[in-house]
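In: Okay, predicted coordinates and the sequence, questions at the end:
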Amino acid sequence: MEELKKVLYGEIEEFRKTGHKFVNGELNLMQFKHASGGFGVYAHKGGKEFMIRLRIPSGITNVAEMKKVYDFAKKYGLDKIHFTTRQAIQLHGLNIDEICDLMKEALDNDIYTRGAGGNYPRNVAMSPLAGVDPNEAFDVTPYGLAIGNYFLERIYTYKLPRKLKVSVSGGSDDAAHCTVQDLGFVAVNKDGKEYFEVYLGGGLGQNPKIAAKYNELIDPKDVLYYVEAMVKMFMAEGDYENRNRARVRYILDRMGEKDFLACYKKHVNEVIEKENLEIDVKAKSYDKKGIEIELEDSRLFNQKQNGLYSVYLHPIGGQLLIKDLKEILDLISNFKDIDIRLAMSEGIYFRNLNGEEAKKLLQLTENMSAKTKFEQSVSCIGVPICQIGLCNSQGTLNAVMDYFKANNGNMHVLPTVHFSGCQNSCGVHQIGSIGFTGKKKRVGDKVDECFSLFIGGAYGIGETKLGVVYGDLPAAKIPEFLLELSKTIESSNLSFNEYIISKEDEFKGLVNKYEV
């Protein structure tokens with residue numbers, strides 16, 4: 001990685017010049033975005049402040065690294081950090097010189113931003129409880145890291161049509177959303193052996209698609225052959241002319257599933273013939289002494305290691321206050337052999353805690369974290385920060401939570417709600433039970449912020465479905481709509497899913513009451 005770091009250090013000053021040209025009006029937004037995305041940097045609306053995305057490998061971090069993130073935020077006067085739906089950390093509101101200085105400081109501490117945006121392989125997503133989940137097929141952690149390192153070592157050399165998203169899930173719950181990715185590997189056991197199922201050609205956003213399943217199980221040690229084959233196929237068959245169709249799923253659309261899978265297999269065979277990419281990995285051993293406790297808490301998860309636990313922290317909208325992060329780090333610095341993983345749900349797991357440590361962390365974070373699935377709703381950063389955002393997704397999420405509290409709404413009735421400020425699905429609204437995607441729409445004599453309502457999305461092996469649009473709702477009416485929906489479901493004595501299926505006409509009538 002030292003050679004890589006030399007290259008990346010050398011790029012930063014040139015990027016600083018590009019940033020100043022943009023700030024001074026010598027480059028337009030798209031010209032700057034073309035250069036900045038590959039550095040994990042995007043301009044805020046208005047073009048004076050910027051965001052930088054720290055590429056946390058498969059969400060795997062630790063106390064020392066989170067202390068550096070805290071130091072960065074403190075140094076640059078930030079009051080919060082943002083956890084993303086791809087297990088990264090975003091820092092917002094920096095000027096271009098602060099961005100470049102921070103990029104260097106991050107590299108000094110082995111934290112990378114290169115390829116966290118733009119036409120590059122993105123952070124490899126992974127099940128956040130990999131290695132400790134009692135229901136997993138096997139620990140996929142070393143494979144996620146191997147794929148991520150493979151990409152990172154070559155990151156500045158890629159010339160892809162657009163971004164490439166790869167995920168690794170530890171089991172059928174598909175916590176890394178493999179079934180809606182460009183390429184996904186799902187751990188399975190068959191006849192006492194470990195394998196990966198391979199999924200490819202999926203994606204969310206505009207023209208979403210559920211991935212096709214490869215017709216062979218693969219040996220986990222061969223995973224990089226299948227990764228490189230996708231890169232080769234994407235470069236050979238992807239659309240370099242039309243950005244709107246420059247994703248793997250459009251190759252699947254064009255070829256059809258049978259020819260698409262045959263084309264992929266051809267590239268796999270060519271890579272196997274020409275390269276030596278077999279990996280030899282070893283899963284981490286968890287030998288910490290456990291302490292069992294009797295405690296009911298929705299944020300507490302039993303690990304497969306006896307007497308050890310994981311605690312989940314979900315700040316509203318993925319926005320963790322710096323002062324809260326400091327308190328958490330002060331506490332867990334005294335805990336032995338713990339690790340930390342970011343989730344694709346905009347939250348963070350503190351793992352490998354004995355029972356006493358888990359109780360202390362739960363107590364400390366009681367008022368820092370959402371507890372019910374509904375409170376753990378997801379939102380992209382949205383307007384007024386995101387350049388391409390159309391609606392204030394974070395503001396709408398917070399308005400919903402405030403409205404429920406002010407009106408004594410029951411937080412236990414509704415499932416997690418997913419908000420995306422535009423059609424790009426950064427809030428993964430299309431695979432949520434309830435999803436909203438932002439749009440501008442004329443309401444009366446003015447153009448207003450509205451959200452299209454998606455219902456029935458889901459993910460999981462054999463369970464993945466894309467949500468169906470039921471109508472457009474004004475952003476200002478969404479809190480009232482969701483509260484009335486929760487009261488209606490509560491009085492029916494049905495679960496949300498049961499209600500949607502058995503009372504669909506009634507539900508459509510409720511949507512019609514609020515839609516525009």
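Out: Looks like it arrived, so ask away. It should be emphasised that the depicted structure is a prediction, and the values quoted were computed from it without experimental measurement.
In: what kind of secondary structure is residue 351 in?
Out: When the structure is reduced to helix, strand and coil (DSSP: H, G, I helix; E, B strand; the rest coil), residue 351 reads as strand.
In: Just the residues contacting stretch 197-215, thanks.
Out: Applying Cβ atoms under 8 Å, 6 or more residues apart in numbering, the external contacts of stretch 197-215 come out as 165, 178-186, 188, 216-218, 226, 230, 244, 247-253, 257, 260-261, 264, 423-425, 428, 430-431, 461, 464-466. C-beta: built from backbone N, CA, C; applies to glycine.
In: Only the buried members of these: can you turn that into a PyMOL selection?
Out: The following PyMOL command selects only the buried members of the contacts of stretch 197-215, with burial defined by 16 or more other Cβ atoms under 10 Å:
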select buried, resi 165+178+179+180+181+182+183+184+185+186+188+218+226+230+247+248+249+250+251+252+260+261+264+423+424+425+428+430+431+461+464+466
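In: In strands, which of the contacts of stretch 197-215 fall?
Out: For the contacts of stretch 197-215, the ones inside strands are 183-186, 188, with DSSP state E as the criterion.
In: Could you dump the residues you listed into a markdown table with distance to residue 274 and pLDDT added?
Out: Supplementary listing: the ones in strands among the contacts of stretch 197-215 in a markdown table, determined by distance: Cβ to Cβ, whole Å; pLDDT from 0 to 100:
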| residue | distance to residue 274 | pLDDT |
| --- | --- | --- |
| 183 | 19 | 98 |
| 184 | 24 | 98 |
| 185 | 22 | 98 |
| 186 | 27 | 98 |
| 188 | 28 | 98 |
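In: And those, which two are furthest apart?
Out: Considering Cβ to Cβ, no two members of the ones in strands among the contacts of stretch 197-215 lie farther apart than 183 and 188, which are separated by 16.4 Å.
In: any idea of the pLDDT on the residue sitting furthest away from the middle of the chain?
Out: Largest separation from the mean C-alpha position in the chain: residue 445, at 37.4 Å (Cα atoms, centre = their mean). Note on residue 445: pLDDT of 88.
In: Equivalent analysis for the one 10 residues further on, please.
Out: At residue 455, the model reports a pLDDT of 98.
In: any idea how far residue 432 is from it?
Out: When Cβ to Cβ, to the nearest Å is the yardstick, residue 455 and residue 432 sit 9 Å from each other.
In: what is in contact with the two at once?
Out: Shared contacts of residue 455 and residue 432, defined by Cβ under 8 Å, 6+ apart, are found at residue 467.
In: Between these two, tell me which one has more neighbours.
Out: Just comparing residue 455 and residue 432: by other Cβ atoms under 10 Å the higher neighbour count belongs to residue 432, 25 against 19.
In: excluding its backbone neighbours, what's nearest the more buried one?
Out: residue 418 (3.5 Å; Cβ to Cβ, 6 or more residues apart in numbering).
In: Could you report the neighbour count for the residue nearest to residue 492 when sequence neighbours are not counted?
Out: The spatially closest residue to residue 492, leaving aside those adjacent along the chain, is residue 499, at 5.7 Å (Cβ to Cβ, 6+ apart). Burial measure for residue 499: 19 neighbouring residues, criterion other Cβ under 10 Å.
In: quick one: which helix or strand includes residue 499?
Out: Element membership of residue 499, judged by DSSP states H and E, is helix 496-502.
In: After that helix, which helix or strand is next?
Out: Per DSSP H and E, helix 496-502 leads on to helix 504-514 as the next helix or strand towards the C-terminus.
In: Show me the contacts of stretch 197-215 that map onto helices.
Out: Applying DSSP state H to the contacts of stretch 197-215, the entries found in helices are 226, 230, 248-253, 257, 260-261, 264.
In: Among these, which one lies nearest to residue 475?
Out: Set against residue 475, the nearest of these by Cβ to Cβ is residue 249 (29.2 Å).
In: Distance check, the closest one against residue 183.
Out: When distance is defined by Cβ to Cβ, residue 249 is 11 Å away from residue 183.
In: The stretch 301-450 of the chain: strands as residue ranges?
Out: Along the stretch 301-450 of the chain, the stretches classed as strands by DSSP state E, counting those that start in this stretch are 308-313, 319-321, 339-342, 348-354, 378-379, 417-420, 434-443, 446-455.
In: Output the ones you listed in CSV, with distance to residue 239 appended to each entry.
Out: Converted to CSV, those look like this (distance: least, Cβ to Cβ, whole Å):
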stretch, distance to residue 239
strand 308-313, 40
strand 319-321, 36
strand 339-342, 32
strand 348-354, 37
strand 378-379, 30
strand 417-420, 24
strand 434-443, 24
strand 446-455, 26
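In: Compare those strands and give me the one nearest residue 485.
Out: Short answer: strand 434-443, nearest of the strands of the stretch 301-450 of the chain by Cβ to Cβ, at 8.6 Å.
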